[in-house]
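*Asks:* quick one, structure for this:
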Amino acid sequence: MLYSLREKAVKLKKYLTMSNITQEDFEAYVDVQESGVTNMFNVSVVSDYSGLRKDQIIEIMSNYSELQDKYGN
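*Replies:* Numbers count the residues shown, from 1 in each chain. Next up, the predicted model:
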């Protein structure tokens, strides 16, 4: 039972963090990704091109599949 509560807490934290990423944020990230202008691990350059903060970029990278499902891209 304890494991189940911990697992739920982790999922809730992930959901709340992801909810800070808007569809516009995700699309800005994907635009840079699709442009091929930079390596997406170069967070500083991605930030310059997308207008996103570094923490937002890392959050998108960490939850890319879930955000892709959420926003239908």
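
*Asks:* Glu27 contacts Lys70, correct?
*Replies:* No - the pair Glu27 and Lys70 fails to qualify as a contact (Cβ atoms under 8 Å) at a distance of 11.9 Å. The C-beta positions use only the backbone N, C-alpha and C, and glycine is treated the same way.

*Asks:* can you pull the pLDDT of the residue nearest to the spatial centre of the chain?
*Replies:* For the chain, Ile60 is the residue whose C-alpha lies nearest the centre (Cα atoms, centre = their mean; 1.2 Å). If you check Ile60, the pLDDT there is 95.

*Asks:* what does whatever helix or strand Asp25 lives in rub up against?
*Replies:* Per DSSP states H and E: Asp25 is located in helix 23-35. For helix 23-35, the external contacting residues (Cβ atoms under 8 Å, 6 or more residues apart in numbering) are 38, 40, 46, 49-52, 56-57, 60, 67-68, 71, 73.

*Asks:* what mean pLDDT does the helix or strand following that helix have?
*Replies:* Next in sequence after helix 23-35, counting helices and strands by DSSP H and E, comes helix 43-50. For helix 43-50, mean pLDDT rounds to 98.

*Asks:* packing partners for the very next helix or strand once past helix 43-50?
*Replies:* Sequence-wise, the next helix or strand downstream of helix 43-50 (DSSP H and E) is helix 54-62. Judged by 3 or more Cβ pairs under 8 Å, 6 or more residues apart in numbering; DSSP states H and E, helix 54-62 is in contact with helix 23-35, helix 43-50.

*Asks:* no further questions, thank you.
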